[in-house]
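1. with the sequence up front, the predicted model follows.
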Amino acid sequence: MISRRKLIATGLGVTAGLVTAGCNQKSSSSGAAWSQPGAAAANTPADEVRVTVTPAADAAKVSPLEQVVVAPEGGTLKDVSVATGGKTVAGKLGDDQTWRSTGKLAYGKTYTVTVSVADPAGALTEHRSSFSTLKPSGVASATFQASALAALQAGGTYGVGQPVMVHFSRPVKNRAEAEKAMVVQTTPAVEGRWRWIDGRNAHWRPAKYWTPGTKISVKVNLFGQDLGQGVYGGSNVSTNFTIGPSRIAIADAKNHRMKVYLDGKMVRDIPISMGKGGTTTGANGETISYWTRSGPHVVMTREPSHRMTSASYGVTDPKNPDYYDEVIQLCLRISYSGEFVHMADWNIGAQGNQNTSHGCINVGPAHARWFYDTFRLGDVVDVRNTPRAMALTDGVGDWTIPWDKW
């Protein structure tokens, strides 16, 4: 509904507010009238004051991204107010005497727009209208992750294998629209692209491991974006992080060694014992493999100690020779399925000679301490020469996918 009433000139200033679309009303004794956007000015008397407001009066399902614009013709804006529930929307009067909102609309609200305009003689006319914004069936937020087990710390330093990982609180149907809202900038500049791991997780990575020292900033301009099936984006979020030194370990199941490279230079050759191979059957009938998975892994957590138990994958009978339940020291997790690089002081005789573990990469005490103190989240542990491949979703498996298929 639009109402209009003539006021005595008071010299009111333009205030923060928000307005709705053009409306048409016959001229009153004040000589002021509403007009639809684009209406022919030739049909309007020369002394008539017109105001065009966008969004239109009584408009429904207005995007909260839409800007409110109030433009007078034949008069001067004195006051613009856009409000809902006692809250007003900020705005600014431009040099062209057009008021534009600078504040943000909200979902599912009805806004009242009140405009006061003065004619050339100084007489004021007030115009009032309303519009409503769309109400989503759901609102999705976005967060940044280093992995599903750890949030990405803004301003943090990560290894050369750390991709950009955005997690949505709700499934995203319109993935192309979501990608338009996700902006990655790097210094130095590097080509990269997004891949959806599933309906809620999108990862961005370059063709090769990051160059040490690269600075990465990410913005997800989510608010107002239609993510599909009635779900819209919540608040905009941003983060930044830096790539540290290159730390890459190559663990070879054939020669039982793990060579460690820092910034491209091999600095340590560590004897190891890896997954012994073979399978067993879990308590629920599932097949459990004891091969360490081949392919690039990324360090996801660093834990001084971690309880490891075969019950986690279905071997619960203490009489089973594959049963174990121990607290292990100096653990760096490299997969969700339970692969770690960790200290195994009980297995020194096998390290460098044979693979006897249940899938982890175990090393002696001195090497384990050095490795734990040296490697950080995002660093790479590349496993080679086992018959079982690392899966994309079994940890940060992004580097298992060739660039041409990413």
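-> That came through, no problem.
2. how is this structure divided into domains?
-> 3-132, 138-243, 247-405 (automatic domain parsing).
3. dump those domains to TSV, plus mean pLDDT.
-> Converted to TSV, the domains of the chain look like this (pLDDT from 0 to 100):
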stretch	mean pLDDT
domain 3-132	76
domain 138-243	98
domain 247-405	96
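4. shouldn't residue 313 be in contact with residue 336?
-> No: with contact defined as Cβ atoms under 8 Å, residue 313 does not reach residue 336; the gap is 11.6 Å. Every C-beta, even on glycine, is put in place using the N, C-alpha and C of the backbone.
5. strands of the stretch 251-400 of the chain, start to end?
-> 257-262, 265-271, 279-281, 287-289, 295-298, 301-309, 325-333, 340-343, 361-363, 380-384 (DSSP state E, counting those that start in this stretch).
6. pick the most buried one from those strands.
-> strand 361-363 (a mean of 27; mean count of other Cβ atoms under 10 Å).
7. contacts for the host helix or strand of residue 216?
-> Element membership for residue 216 (DSSP states H and E) is strand 215-220. With contact meaning Cβ atoms under 8 Å, 6 or more residues apart in numbering, strand 215-220 is reached by 142, 144, 164, 166, 181-187, 204, 210, 236-243.
8. how about 6 Å then?
-> 142, 164, 181-187, 237-242 (Cβ atoms under 6 Å, 6 or more residues apart in numbering).
9. can you check stretch 389-406 too?
-> 147, 163, 195, 203, 205, 207, 293-296, 298, 335-337.
10. and those, which of them are buried?
-> 147, 163, 203, 205, 293-296, 298, 335-337 (16 or more other Cβ atoms under 10 Å).
11. out of those residues, what pair is the most spread apart?
-> Spatial extent of the buried ones among the contacts of stretch 389-406 (Cβ to Cβ) is set by the pair 205 and 337 at 21.4 Å.
12. so which of the contacts of stretch 389-406 belong to helices?
-> Among these, no member falls in helices (DSSP state H).
13. would you turn those into a markdown table with distance to residue 215?
-> Output for the contacts of stretch 389-406, formatted as a markdown table (distance: Cβ to Cβ, whole Å):
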| residue | distance to residue 215 |
| --- | --- |
| 147 | 21 |
| 163 | 15 |
| 195 | 22 |
| 203 | 19 |
| 205 | 16 |
| 207 | 18 |
| 293 | 32 |
| 294 | 32 |
| 295 | 28 |
| 296 | 23 |
| 298 | 19 |
| 335 | 28 |
| 336 | 29 |
| 337 | 33 |
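14. and the residue nearest to residue 238 when sequence neighbours are not counted, how many neighbours?
-> Spatial nearest neighbour of residue 238, excluding adjacent residues (Cβ to Cβ, 6 or more residues apart in numbering): residue 219 at 4.5 Å. Look at residue 219: counted by other Cβ atoms under 10 Å, it has 15 neighbours.
15. for residue 219, which residues make a bridge with it?
-> Beta-bridge pairing for residue 219 (DSSP bridges): residue 183, residue 238.
16. if I look at it, how far off is residue 189?
-> 16 Å (Cβ to Cβ, to the nearest Å).
17. what do you get for residue 277?
-> Distance, residue 277 to residue 189, using Cβ to Cβ: 44 Å.
18. more neighbours: which of those two?
-> More neighbours surround residue 277 than the other of residue 277 and residue 189, with 16 against 8 (other Cβ under 10 Å).
19. got the phi and psi for the nearest residue to the more buried one once chain neighbours are set aside?
-> Leaving aside its sequence neighbours, residue 277 sits nearest to residue 291 (Cβ to Cβ, 6+ apart; 5.2 Å). Residue 291 adopts backbone torsions of phi -90, psi 140, taken as degrees, to the nearest 10.
20. and residue 291, how many neighbours?
-> If you count neighbours by other Cβ under 10 Å, residue 291 ends up with 20.
21. that one contacts residue 275, doesn't it?
-> Yes: in this structure residue 291 lies within contact range of residue 275 using Cβ atoms under 6 Å: 4.6 Å.
22. contacting residues for the residue positioned nearest the centre of the chain?
-> Central residue of the chain (Cα atoms, centre = their mean): residue 166, 3.5 Å from the mean position. Residue 166 sits next to 142, 202 when contact means Cβ under 6 Å, 6+ apart.
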